[in-house]
Structure formats: C-alpha cells, structure tokens
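Undergrad: next one to model:
(chains A, B and C)
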Amino acid sequence: MRIRLGFVANALGLWDASPSKTMTYKRYTELPKNERMDRLKEVTALNLNHTKRILYYLAAHEIEVYRMSSSLVPLATHPYVKWDFLKPFKKEWQELGELIRQFNIRASFHPNQFTLFTSDREHVTENAVEDMKYHYQMLEAMGIEKDSVINIHIGGTYGDKETTVERFHKNIKKLPAEIKDIMTLENDDKTYNVEETLAVCKKEDIPMVLDIHHHEANLTTEKIEEYIPDIFDTWKRRNMVPKVHISSPKTDKAFRSHSDFVDLHFISEFVQVLRKFDVDVDFMIEAKSKDFAMFDLIEGLSSIRGVKRIRGGTLEL
DNA sequence: ACCTGTCAAGTCTGG
DNA sequence: CCAGACTTGACAGGT
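TA: Just a heads-up that it's a prediction; the model follows:
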C-alpha cells in the first residue's frame, strides 16, 4: 500500500508565497470607486502567481497532494461585489490546471465553516450554494473538476441531529448536480461523528473524508477499523484513492486544537490500523507548520520498520 | 520593527 | 435578542 502526503494552502518553505492575500469588504468600500476593481485584480493575480510557485515547489519535492486556498479570489461571492474572476485570468487558471496535471497533483478545495447545508435559514443555504459554485468554477477554469473534490462538513446540529440531517438532505438538492457530484463530507470534531457522517454519505452517495483527529475528539462507540471499509467504499464511485485528514491535538486540555506539528505516535497507531486493509490512501496534513509539519511527518513515518519512502511525498508499506 | 484591533459569511453557549 | 468563543490569516494603523 502507498501513502501520499500533502499540505494545505501555504508553503512556508517559500518566501512570501501566501495564496490567500485578501481584501475585506470594508477596505474595498474605503477605496475610491475607480481603484476598487484594479485592487481586486491585483490581489487575485498575486494569489494565482503564488499558487503557481507553490505548484513548482510541490513538483520539486515530489509532493502530489495539495489543498488550494479558498481565498484565491477576494470577495468573489460577496453580494455587493461579485465580480468576474474567470475571464480576466483565463490564461492563469489554465496554466495552473496544466501544471497540476503535469505534476500529477491531486488538488482539492475546502470551503470555510459557513458553507453548510443544515441551516433552516434560506439565505444560509443560498450562500452555501454560491460558495460551492465559486469553488467549482475555479476548478472548471483549471479543467480539473473531474479529478478534484470540494470538501465540507455537514454543519450544525441545532439541538436535534435527526431533524437537521433530514434538512441537510433537503437543502443539498439546491446544489447543482455537477457540483454535488464532486463534493465530499468530513466527520466533525464537535457535531457529526464518523458514524453519523458515513450514514449521510452513503445515503447521498458522497465520498467521505476521514479526519482522524476529529474522530478522536468525537468518538463513536465502535473502533475506527470497523468503519474503514465502508468509508473507503464511498470513494469507489469516483474511482479515487480515499483521502484522510491528519493532525494531532495541541494539548490534552485543548484537544480539539491543531498542534503546530503532527505527533508521530498519534498517527503511527492509525497507520498500523490502515496496514491491515492494504489500501492506498492520501494524507492531507492539517497543521500550522504546513509543509514543514508534512516533511517532519514523512521523515518520522519513514523511520518506522516496514515503511519505505519511495518518492519525496510517497511512502510504501 | 513590532503590536493590536478588525474583518462577509457559520453555529454554540450563556445571559 | 446579543456578546463572546471557536478559529484564521492577512492587513492597516498606531507606537
């Protein structure tokens, strides 16, 4: 079995390469009208260029798993701004897509916590659809929508999980079919645990992203290995290697917070579990130290007996 | 050069 | 109904 590792958004090994430069609505309104659009485009051009630099960095390190920043385009879906971020950057989007293909990178998006389909307020669902569209359009512009996922959480519980899950199934119908086709759902550290998330995924035929840190923070009564075959089966429709989110607790007290680096022992236990299933997986490292945390974990895992590093970002077990 | 308050959006808890 | 927590990085303005 093979494990590929990757990281989220920013590469700390590169100087000044944030792909998430922003302009808030407040700042936008403070600019003279004739400068506003120029500034939006400037920020976007910079984020796209930084993403390009990161893709080359990934290639140089043979890293094939990467989550792109959701903040590539500032105010892309703001109701009073909403601007065309596709046409002015047609060439740039295409170039990113070509590099992603050329370097065999598995790219994904993970919209923010306000993108959810459980709310009983209609505008929340409308905003969620808008935000999902924004992410989908970026993937389309890069020509990689068929090979990518947009991952979100189920959402809040509103004091009644059962009713709320039903509302999720109702609200998700508002999402255009082609976008729903490429979405995934991740188990949550506070609300929907592995068992509950898996049930929703099965019902909607949506692949499930397993987050092992969230799982430890929000345990189901059963052991994780009992769920793994079903979780991994949800990826078969898309013929994709299952994706697992990796992080470890900051402290015992702040258990849910992400530690800067990933604790090797926290993960190696899980890797031993995976070994029994002998299946390829991709690890998305979610830690404050980003690529450094990923490199650290790659080296840590490589030192385990029976684990061999066969490429910069790939381990064979 | 460093520090601090602010920012479109979400829910949850407590008052 | 509202404030603060949760949590996030980036940024502008102040010292």
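Undergrad: please enumerate the strands of the stretch 1-150 of chain A.
TA: Assigned by DSSP state E, counting those that start in this stretch, the stretch 1-150 of chain A shows strands spanning A:2-8, A:65-67, A:106-109, A:149-153.
Undergrad: quick one: the second one near DNA strand C?
TA: No: against DNA strand C, strand A:65-67 shows no contacts by CB under 7 Å from any atom of the strand, the least distance being 12.6 Å. For every residue, glycine as well, the C-beta is placed using N, CA and C.
Undergrad: packing partners for that strand?
TA: strand A:2-8, helix A:33-60, strand A:106-109, strand A:281-285 (3 or more CB pairs under 8 Å, 6 or more residues apart in numbering; DSSP states H and E).
Undergrad: out of the ones you listed, nearest to DNA strand B?
TA: Closest approach to DNA strand B among those (CB to the nearest atom of the strand): helix A:33-60, 10.4 Å.
Undergrad: buried sites along the closest one?
TA: For helix A:33-60, burial by neighbour count (16 or more other CB atoms under 10 Å) applies to A:36, A:40-41, A:43-44, A:46-48, A:50-52, A:54-55, A:57-59.
Undergrad: now it against strand A:2-8, angle please.
TA: With axes from the mean of the first three to the mean of the last three CA atoms, to 10 degrees as the basis, helix A:33-60 and strand A:2-8 are set at 150 degrees to each other.
Undergrad: where is pLDDT lowest across the buried residues of helix A:33-60?
TA: Checked by pLDDT, the buried residues of helix A:33-60 have residue A:36 as the lowest-scoring entry (89).
Undergrad: any idea how far that residue is from residue A:79?
TA: Distance, residue A:36 to residue A:79, using CB to CB, to the nearest Å: 15 Å.
Undergrad: same question, residue A:182
TA: Shown here: residue A:182 relative to residue A:79, a distance of 25 Å by CB to CB.
Undergrad: so these two - more neighbours on which side?
TA: Set residue A:182 next to residue A:79 and count neighbours by other CB atoms under 10 Å: residue A:182 wins out with 22 against 11.
Undergrad: I'd say that one and residue A:145 touch.
TA: Yes: under the criterion of CB atoms under 8 Å, residue A:182 makes contact with residue A:145 at 6.1 Å.
Undergrad: so what sits against both of these two?
TA: Here residue A:182 and residue A:145 have A:136, A:139 as joint contacts, going by CB atoms under 8 Å, 6 or more residues apart in numbering.
Undergrad: export the strands of the stretch 1-150 of chain A to JSON lines and tack on distance to DNA strand B, mean pLDDT and mean neighbour count?
TA: JSON lines is the format used below for the strands of the stretch 1-150 of chain A (distance: least, CB to the nearest atom of the strand, whole Å; pLDDT from 0 to 100; neighbours: other CB atoms under 10 Å):
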{"stretch": "strand A:2-8", "distance to DNA strand B": "16", "mean pLDDT": "96", "mean neighbour count": "23"}
{"stretch": "strand A:65-67", "distance to DNA strand B": "16", "mean pLDDT": "96", "mean neighbour count": "23"}
{"stretch": "strand A:106-109", "distance to DNA strand B": "13", "mean pLDDT": "96", "mean neighbour count": "24"}
{"stretch": "strand A:149-153", "distance to DNA strand B": "10", "mean pLDDT": "95", "mean neighbour count": "24"}
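Undergrad: how about CSV for these, with distance to residue A:272 added?
TA: Shown next, in CSV, are the strands of the stretch 1-150 of chain A (distance: least, CB to CB, whole Å):
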stretch, distance to residue A:272
strand A:2-8, 12
strand A:65-67, 21
strand A:106-109, 24
strand A:149-153, 26
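Undergrad: between those strands, which gets nearest to residue A:267?
TA: Among these, the nearest to residue A:267 by CB to CB is strand A:2-8 (10.3 Å).
Undergrad: who touches that closest one?
TA: Residues outside strand A:2-8 that contact it (CB under 8 Å, 6+ apart): A:58, A:63-67, A:106, A:110, A:241, A:246, A:271, A:274, A:280-287, A:290-291, A:293-294, A:297-298, A:301, A:310, A:313-317.
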